[in-house]
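Participant: got a structure for you, letters missing:
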């Protein structure tokens with residue numbers, strides 16, 4: 001598989017680049033933050049994403065979507081990251097869509113996602129760090145289930161129309177078997193959400209399920225057999241987060257290189273200093289390696305290749321390292337102004353920090369690769 005975009009994917013990139021830069025630049029994020037917007041994103045903008053066809057990229061053609069793949073979804077996510085655009089694209093149009101594919105819920109929820117009416121949130125994590133464990137319980141109750149437990153860091157959970165919840169119907173917390181996914185409406189009784197603003201001004205919720213009752217139709221896939229759907233959701237989310245981080249890192253790098261070309265000291269541009277040139281060249285190399293790793297993971301996912309799981313972990317780990325380097329170098333090379341809220345570079349560091357934690361940080365995925373290798 002060549003590690004570059006084909007002609008159609010390049011055309012999509014150009015379209016997404018122009019649209020996102022025009023409709024949702026960094027100033028859009030500033031405006032939402034300064035207004036203390038309670039949603040953390042714009043529903044009007046989400047509908048514009050739908051009008052562009054972006055929300056249907058991963059939805060099969062038979063369900064009204066474009067029937068494209070993770071490479072194409074990553075193209076859009078990179079532009080979202082480059083502009084720091086607040087959007088439910090990653091959770092809704094990528095991760096949630098993958099979880100719902102091939103189930104009865106596809107016909108139920110895909111039309112709303114395609115039209116930009118539906119926002120999906122992922123109630124997966126239960127602790128302070130992302131872990132591949134599910135302890136929340138789902139007990140049989142009548143012809144349905146009763147969900148009891150807590151979830152953390154549920155992005156858009158306080159305003160989502162649909163919650164995809166991982167709960168345990170059998171087995172212990174660290175087992176794959178016995179996990180079931182549920183589609184739960186946000187307004188379900190005995191469900192509370194406490195929103196909290198994160199470092200990058202996005203909003204995630206702590207959610208408590210105090211015996212939330214759902215009927216059997218809420219089950220996504222098979223009872224006790226939700227591990228496969230959950231793995232697809234996580235693989236899509238991790239690869240998507242990696243693609244968005246590539247955009248964040250590239251945006252920070254471009255801003256920094258531009259600054260090096262403009263800022264003068266001792267009568268010359270600071271970009272003429274060899275030490276800074278070396279650091280910029282090193283950063284560019286690291287970002288390109290991470291970009292290649294992410295594209296490889298996307299291609300393997302699209303091909304349903306058995307090597308995809310490891311490639312996804314490589315992509316998430318490498319983009320975490322490369323993007324962290326990009327934003328840190330950006331802050332340092334901007335000097336004092338980089339530490340002020342008036343300059344955009346600081347927003348890139350905050351967004352990179354949040355994305356690095358989503359769906360598992362670098363250490364989590366390095367450990368997963370080590371275990372997969374028998375260590």
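Facilitator: Thanks, I have the structure now. The structure presented is a predicted model; accordingly, all values stated were derived computationally and were not measured.
Participant: so residue 231 is in which element?
Facilitator: Using DSSP states H and E, residue 231 sits in helix 227-262.
Participant: And the next helix or strand past that helix?
Facilitator: Counting by DSSP H and E, the element after helix 227-262 in chain order, helix or strand, is strand 264-265.
Participant: and the helix holding residue 231, which residues are buried?
Facilitator: By 16 or more other C-beta atoms under 10 Å, the buried positions in helix 227-262 come out as 227, 229-253, 255-257, 259-260. Backbone N, C-alpha and C define where each C-beta goes, glycine included.
Participant: any idea how the protein splits into domains?
Facilitator: Each domain of the chain is listed here as a residue range: 7-119, 123-224, 228-372, per automatic domain parsing.
Participant: just checking, what packs against the helix holding residue 231?
Facilitator: The elements that helix 227-262 packs onto, with contact taken as 3 or more C-beta pairs under 8 Å, 6 or more residues apart in numbering; DSSP states H and E, are helix 70-83, helix 97-100, strand 179-185, strand 268-269, helix 274-302, helix 308-334, helix 345-357.
Participant: Show the average pLDDT along that helix.
Facilitator: The predicted model gives helix 227-262 an average pLDDT of 96.
Participant: hang on, the earlier thing: okay, the domains of the chain in TSV with distance to residue 1 next?
Facilitator: Formatted as TSV, the entries for those read as follows, by distance: least, C-beta to C-beta, whole Å:
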stretch	distance to residue 1
domain 7-119	10
domain 123-224	27
domain 228-372	5
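Participant: where are the low-confidence patches of the stretch 151-300 of the chain?
Facilitator: Confidence mapping of the stretch 151-300 of the chain against pLDDT under 70 gives zero matching residues.
Participant: change it to 90
Facilitator: Low-confidence segments of the stretch 151-300 of the chain, defined by pLDDT under 90, span residues 172-176, 264-266.
Participant: Among the helices and strands packed on helix 227-262, which comes closest to residue 3?
Facilitator: With respect to residue 3, and counting by C-beta to C-beta, the nearest of the helices and strands packed on helix 227-262 is helix 274-302 at 4.9 Å.
Participant: and the angle for the closest one with helix 70-83?
Facilitator: Comparing the axes of helix 274-302 and helix 70-83 via axes from the mean of the first three to the mean of the last three C-alpha atoms, to 10 degrees yields an angle of 150 degrees.
Participant: can you list the helices and strands packed on helix 227-262 in JSON lines and add mean neighbour count?
Facilitator: Putting the helices and strands packed on helix 227-262 into JSON lines (neighbours: other C-beta atoms under 10 Å) gives the following:
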{"stretch": "helix 70-83", "mean neighbour count": "27"}
{"stretch": "helix 97-100", "mean neighbour count": "27"}
{"stretch": "strand 179-185", "mean neighbour count": "24"}
{"stretch": "strand 268-269", "mean neighbour count": "12"}
{"stretch": "helix 274-302", "mean neighbour count": "18"}
{"stretch": "helix 308-334", "mean neighbour count": "24"}
{"stretch": "helix 345-357", "mean neighbour count": "22"}
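Participant: mind checking which of the ones you listed is nearest residue 153?
Facilitator: Using C-beta to C-beta as the measure, helix 345-357 is the one of the helices and strands packed on helix 227-262 that comes nearest residue 153, at 7.9 Å.
Participant: got the angle for that closest one vs helix 70-83?
Facilitator: Note on geometry: by the same axes, to 10 degrees, helix 345-357 and helix 70-83 are set 140 degrees apart in direction.
Participant: helices or strands next to helix 345-357 in the packing?
Facilitator: Taking 3+ C-beta pairs under 8 Å, 6+ apart as the contact definition, the neighbouring helices and strands of helix 345-357 are helix 26-34, helix 227-262, helix 308-334.
Participant: Give me the contacts around the shortest one.
Facilitator: Taking C-beta atoms under 8 Å, 6 or more residues apart in numbering as the criterion, the residues outside helix 26-34 that touch it are 40-42, 45, 83-86, 201, 344, 347.
Participant: how about low-confidence regions in the stretch 1-150 of the chain?
Facilitator: Low-confidence regions of the stretch 1-150 of the chain, defined here as pLDDT under 90, cover residues 1-4, 128, 131-133.
Participant: mind listing the strands for it?
Facilitator: Counting by DSSP state E, counting those that start in this stretch, the stretch 1-150 of the chain has strands at residues 120-123, 137-141, 144-155.
Participant: Any chance of these in a markdown table with mean neighbour count and distance to residue 165 as columns?
Facilitator: Shown next, in a markdown table, are these (neighbours: other C-beta atoms under 10 Å; distance: least, C-beta to C-beta, whole Å):
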| stretch | mean neighbour count | distance to residue 165 |
| --- | --- | --- |
| strand 120-123 | 28 | 4 |
| strand 137-141 | 17 | 8 |
| strand 144-155 | 21 | 7 |
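Participant: ok, and for stretch 99-119, which residues are buried?
Facilitator: For stretch 99-119, burial by neighbour count (16+ other C-beta under 10 Å) applies to 99-101, 103, 105-106, 109-110, 112-114, 116, 118-119.
Participant: How about stretch 188-198?
Facilitator: Along stretch 188-198, these residues count as buried under the neighbour rule (16+ other C-beta under 10 Å): 191, 193, 195, 198.
Participant: Return the distance of it from the chain's centre.
Facilitator: Here stretch 188-198 is found 20 Å from its chain centre; the criterion is C-alpha atoms, centre = their mean, to the nearest Å.
Participant: And stretch 199-214, by the same measure?
Facilitator: The offset between the C-alpha centroid of stretch 199-214 and the centroid of the whole chain comes to 17 Å, using C-alpha atoms, centre = their mean.
Participant: what's the answer for stretch 205-217, then?
Facilitator: The gap between the average C-alpha position of stretch 205-217 and the chain average comes to 23 Å, counting by C-alpha atoms, centre = their mean.
Participant: contacts for it?
Facilitator: In this structure, residues lying in contact with stretch 205-217 by C-beta under 8 Å, 6+ apart are 104, 121, 123, 136, 141-154, 156-158, 163, 165, 182, 184, 188-196.
Participant: Over to stretch 262-280?
Facilitator: Stretch 262-280 is contacted from outside by 253, 256-257, 260-261, 329, 333, using C-beta under 8 Å, 6+ apart.
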